[in-house]
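Asker: my questions concern the predicted model and sequence given below.
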Amino acid sequence: MRRRRKPNFSFPFMENMSSSSSLSIPQEASNYDELSMQQSLLFSDSLQDLKNLRTQLYSAAEYFELSYTNDDQKQIVVDTLKEYAIKALVNTVDHLGSVTYKVNGLLDEKVDEVSITEFRVSCIEQRLRICQEYIDHEGLSHQSLVIKTPKYHKRYILPGSNTFLFSY
């Protein structure tokens with residue numbers, strides 16, 4: 001009686017996929033630019049891992065196809081393929097979740113920055129309006145002090161009589 005041995009499948013493409021989907025915590029950044037650069041690199045790495053996922057899945061499909069046609073233990077190959085497909089799907093969803101989390105974090109930061117900037121601009125505009133109103137008010141009061149209203153002597157001329165002069 002021939003003893004069946006379980007084939008040992010090694011998946012180098014699976015190792016790459018599972019290790020890259022975890023969230024890495026960056027070291028403490030010394031300033032805002034460095035933190036921004038770290039986040040950008042992490043995001044870029046995550047997107048690159050997603051791009052690599054396609055080639056990894058195609059490579060796995062070819063491997064399983066060859067194994068299925070060349071191996072006499074087809075049920076083991078099918079079961080292994082099912083396990084791999086489930087792990088690949090879970091890792092893909094995990095990766096998409098990680099990228100989504102990073103995108104949401106970046107968007108939240110940018111929205112907060114825009115809100116803070118809008119608030120600062122609004123404060124500056126308010127200060128400018130107050131200064132302009134103050135300048136306008138001071139200009140009017142300065143002009144009213146400088147302009148001397150002329151004094152006219154009022155004369156009334158009555159027909160058939162002399163001119164009367166009223167002065168105040």
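Answerer: Looks like it arrived, so ask away.

Asker: pull out the buried positions in stretch 87-95.
Answerer: Ala88, Asn91, Asp94, His95 (16 or more other CB atoms under 10 Å). From N, CA and C alone the C-beta is placed, and that goes for glycine too.

Asker: tabulate the residues you listed (JSON lines), appending distance to Gln38.
Answerer: Conversion of the buried residues of stretch 87-95 to JSON lines gives the following (distance: CB to CB, whole Å):
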{"residue": "Ala88", "distance to Gln38": "28"}
{"residue": "Asn91", "distance to Gln38": "23"}
{"residue": "Asp94", "distance to Gln38": "21"}
{"residue": "His95", "distance to Gln38": "19"}
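
Asker: and of those residues, the nearest to Glu118?
Answerer: Using CB to CB, His95 is the member of these that lies nearest Glu118, at 34.6 Å.

Asker: pLDDT on the biggest helix by length in the chain, on average?
Answerer: When the chain is parsed with DSSP state H, its longest helix is helix 74-146. For helix 74-146, the mean per-residue pLDDT is 87.

Asker: show me what that helix is packed against.
Answerer: helix 12-20, helix 32-70 (3 or more CB pairs under 8 Å, 6 or more residues apart in numbering; DSSP states H and E).

Asker: picking that back up, from the buried residues of stretch 87-95, which is closest to Met37?
Answerer: Using CB to CB, His95 comes nearest to Met37 of the buried residues of stretch 87-95, at 21.8 Å.

Asker: hang on, that closest one packs against Leu47?
Answerer: No: in terms of CB atoms under 8 Å, His95 does not count as a neighbour of Leu47; the distance is 9.6 Å.

Asker: doesn't Asp72 fall inside a helix?
Answerer: No: counting by DSSP: H, G, I helix; E, B strand; the rest coil, Asp72 is not found in a helix; it is coil.
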